[in-house]
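Enquirer: show me the folded form of this:
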Amino acid sequence: MTLLPTAYITGAITGASLIAAIGAQNAFVLTQGVKQHYFWQIALTCALIDTLLIFAGAAGMGALINRSELFLTLVTWGGAAFLILYGCKAGLSALKSNTLQANKSAGFSSLSTALMATAALSLLNPHVYLDTVVLLGSIAGRYDSLDTYWFAAGASSFSLLWFLTISYGARALTPLFANPLAWRVLDCLVALTMWTIAYLLLTDSLGK
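Expert: You can find the predicted model right below:
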């Protein structure tokens, strides 16, 4: 006898295969976790956005988004522009000899600014909609009535667990980032991640 419905467990496993992939959102959460700069608020915001999108997909919004080429195109180009700019910010930071304290002071000026950047990074990415609303939503739609939402709850639960884990887990790396070289490496990796995803978004959009 299982304590949790099978649909919930399946949702968590399926969500794990999508959410834990290397991407702009995870790189952003990890960086803020190392800085300990609004890190748990950012993690919760990412999880909340995922939850809303997953349940929207379970409710049937996935088919609507999948048919809206204009929406996906606007999100693609807007997201690519944001990722390029954020990558440039990380690249410029990599050129400086920063310590952990310097990076903390160079962080977001307020919680609202941090949350707006989090929302932009999360929502200006068509893959977020395709993964959460369309893909997870279509799988959830195969279940009957209540199990549809058990599946969505499972995927959402993993999202919350994942973002809190990498956010708080990143704090263990704090001593390492007392060394300016460690920051340069991280900033370079973040910049490359952002630019690579922007490139893939644009080439995919132009190739259609």
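
Enquirer: read off the pLDDT value for the most centrally placed residue in the chain.
Expert: For the chain, the residue nearest the mean C-alpha position is residue 25 (2.8 Å; Cα atoms, centre = their mean). pLDDT, residue 25: 84.

Enquirer: what about it, which helix or strand?
Expert: helix 24-35 (DSSP states H and E).

Enquirer: who does that helix touch, helix- and strand-wise?
Expert: helix 39-58, helix 69-95, helix 100-105, helix 111-123, helix 145-169, helix 180-206 (3 or more Cβ pairs under 8 Å, 6 or more residues apart in numbering; DSSP states H and E). Where you see a C-beta, it was placed from the backbone N, CA and C, and this is true even at glycine.

Enquirer: picking that back up, what sits against the residue nearest to the centre of the chain?
Expert: By Cβ atoms under 8 Å, 6 or more residues apart in numbering, residue 25 lies in contact with 46, 121-122, 125, 128.

Enquirer: would JSON lines of the residues you listed with neighbour count be doable?
Expert: Below are these laid out as JSON lines (neighbours: other Cβ atoms under 10 Å):
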{"residue": "46", "neighbour count": "26"}
{"residue": "121", "neighbour count": "25"}
{"residue": "122", "neighbour count": "22"}
{"residue": "125", "neighbour count": "24"}
{"residue": "128", "neighbour count": "21"}
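
Enquirer: farthest pair in those residues?
Expert: Using Cβ to Cβ, the contacts of residue 25 span at most 11.7 Å, a distance reached by 46 and 125.

Enquirer: I'd like the average pLDDT over stretch 86-98.
Expert: 77.

Enquirer: buried stuff in that stretch?
Expert: Across stretch 86-98, burial judged by 16 or more other Cβ atoms under 10 Å covers 86-87, 90-91, 93-94, 98.

Enquirer: okay if I get those residues as a markdown table plus distance to residue 192?
Expert: Converted to a markdown table, the buried residues of stretch 86-98 look like this (distance: Cβ to Cβ, whole Å):
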| residue | distance to residue 192 |
| --- | --- |
| 86 | 12 |
| 87 | 8 |
| 90 | 9 |
| 91 | 9 |
| 93 | 13 |
| 94 | 10 |
| 98 | 18 |
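
Enquirer: for residue 22, give me the pLDDT.
Expert: Note on residue 22: pLDDT of 64.

Enquirer: with residue 115 instead?
Expert: So residue 115 comes in at 94 (pLDDT).

Enquirer: kindly report the same for the one 4 residues further on.
Expert: At residue 119, the pLDDT value in this model is 93.

Enquirer: ok, now how distant is it from residue 129?
Expert: 14 Å (Cβ to Cβ, to the nearest Å).

Enquirer: nearest spatial neighbour of residue 82, skipping sequence neighbours?
Expert: Distance criterion Cβ to Cβ, 6 or more residues apart in numbering; nearest residue to residue 82, sequence neighbours excluded, is residue 124 at 5.0 Å.

Enquirer: is the one you found in contact with residue 84, as I believe?
Expert: No. Checked against Cβ atoms under 8 Å, the pair residue 124 and residue 84 is beyond contact range at 11.4 Å.
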